[in-house]
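Quick check, what structure comes out for this input:
(one chain, ligands or ions: 1)
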Amino acid sequence: MAMKPVLEVKGLTGGYSPRRPVLHDLNFEVAAGEMVGLIGLNGAGKSTAIKHILGLMQAHAGEIRIGGHTLAEQPEQYRQALAYVPESPLLFDELTVEEHLRLTGMAYGVEEASYGTRTGSLLDEFYMTPKRGAFASHLSKGMRQKMMIMNALLARPSLYVIDEPFLGLDPLGIRSLLDKLVEVTKEGSSVFMSSHILSTVESYCSRFIVLHQGVIVAQGTLADVCETAGMARNAGAGSLEEAFYRLVAGEGAGGGANGPVR
Ligand SMILES: Nc1ncnc2c1ncn2[C@@H]1O[C@H](COP(=O)(O)OP(=O)(O)OP(=O)(O)O)[C@@H](O)[C@H]1O
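Numbers count the residues shown, from 1 in each chain. Sure, this is the predicted structure:
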């Protein structure tokens, strides 16, 4: 794809303390209309990488660009270009489903006409129409997760950053989410998604980033990742799960803040 990447991560080293980086020299891009999966064991650094992309953490070295700009250069454009769906929902207990959507609409400058049609169809697609007036504190766990997802989808950003979105969703909710993600990528938005559900990641993402102990140990298409994992590249190549296992097994699970010894 010749288009400029939506997300560019160059030489990103980062973490919670400058003396103990969690992420080591990450380099990757997400192009317009692409769905990219970030996979790695517990503690590999996925959420930490996402926090850096969101601008919640400061890089020790390297830079992150969204739509060609760093957060420091263009804070407003940077933030408006992305929507984040966290692993655990962050909602205002005292606001209703509809009020949350209204807030997001205002924050992202969604026009009144599109606001109405988009919220109507999102509420339908996520089976939340009967709950439109309910307080967030009265929703079930999965419904709270759906709220976060609907807010992101209402914003129609150029980049969706999604951390383990399937937890807590029922099978219809998972299907609705995946259908919507396919739809938004067809419209040119990009999705950067972290998940442990490798079969889903494999079927929906066109490229993968395998993070292990804070280092990218493989990235690219399924064929690329399989090749890096030392698997045959010919017909009927292996699954993402098999490649992942080969890439990260043997050194023991757990990852850890130390990363590799350098
Ligand atoms: N707030 C924090 N302060 C210090 N270290 C942290 C903090 N949060 C995470 N870490 C450490 O950073 C490393 C990477 O954690 P991270 O949460 O990014 O992993 P992850 O890949 O998202 O894992 P999971 O699959 O379990 O969500 C771990 O060693 C973890 O202990």
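
Around the ligand, pick out the residues from the stretch 1-150 of the chain.
Neighbours of the ligand within the stretch 1-150 of the chain, by Cβ under 6 Å from any ligand atom: 16, 22, 40, 42-48. From N, CA and C alone the C-beta is placed, and that goes for glycine too.

Which ones among these map onto helices?
46-48 (DSSP state H).

most neighbours, which of the residues of the stretch 1-150 of the chain next to the ligand?
Counting neighbours by other Cβ atoms under 10 Å, residue 45 comes out on top of these with 29 neighbours.

Residue 149 touches residue 83, doesn't it?
No. Contact criterion Cβ atoms under 8 Å: residue 149 and residue 83 do not qualify, at 9.6 Å.

Reformat the ones in helices among the residues of the stretch 1-150 of the chain next to the ligand as TSV; add pLDDT.
Below are those laid out as TSV (pLDDT from 0 to 100):
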residue	pLDDT
46	96
47	94
48	96
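
would you turn these into a markdown table with distance to residue 110?
Converted to a markdown table, these look like this (distance: Cβ to Cβ, whole Å):
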| residue | distance to residue 110 |
| --- | --- |
| 46 | 29 |
| 47 | 28 |
| 48 | 31 |
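
where along the stretch 151-262 of the chain do the strands fall?
159-163, 190-194, 207-212, 215-220 (DSSP state E, counting those that start in this stretch).

so how far is the second one from its chain's centroid?
Remark: strand 190-194 is offset 4 Å from the chain centroid, using Cα atoms, centre = their mean, to the nearest Å.

Next: the last one.
A distance of 16 Å separates the centroid of the chain from that of strand 215-220, by Cα atoms, centre = their mean.

next one: stretch 91-102
23 Å.

just stretch 55-74 next, same as before
On Cα atoms, centre = their mean, the centre of stretch 55-74 falls 17 Å from that of its chain.

Pull out the buried positions in that stretch.
By 16 or more other Cβ atoms under 10 Å, the buried positions in stretch 55-74 come out as 55, 57, 59-60, 62, 64-67, 71, 74.

what's the answer for stretch 238-252, then?
Applying 16+ other Cβ under 10 Å to stretch 238-252 flags 238, 240, 243-244, 246-248 as buried.

Check stretch 76-92 too.
Those would be 78-87, 89, 91, for stretch 76-92 by 16+ other Cβ under 10 Å.

What are the contacting residues of that stretch?
6, 47, 50, 53-55, 66-67, 69-71, 99-100, 108-109, 136, 139, 144-145, 147-149, 151-153, 155, 157-165, 167 (Cβ atoms under 8 Å, 6 or more residues apart in numbering).

start to end distance for it?
End-to-end distance of stretch 76-92 (Cα to Cα, to the nearest Å): 23 Å.

Strands - which of the buried residues of stretch 76-92 land there?
Mapping the buried residues of stretch 76-92 onto strands (DSSP state E) picks out 82-85.
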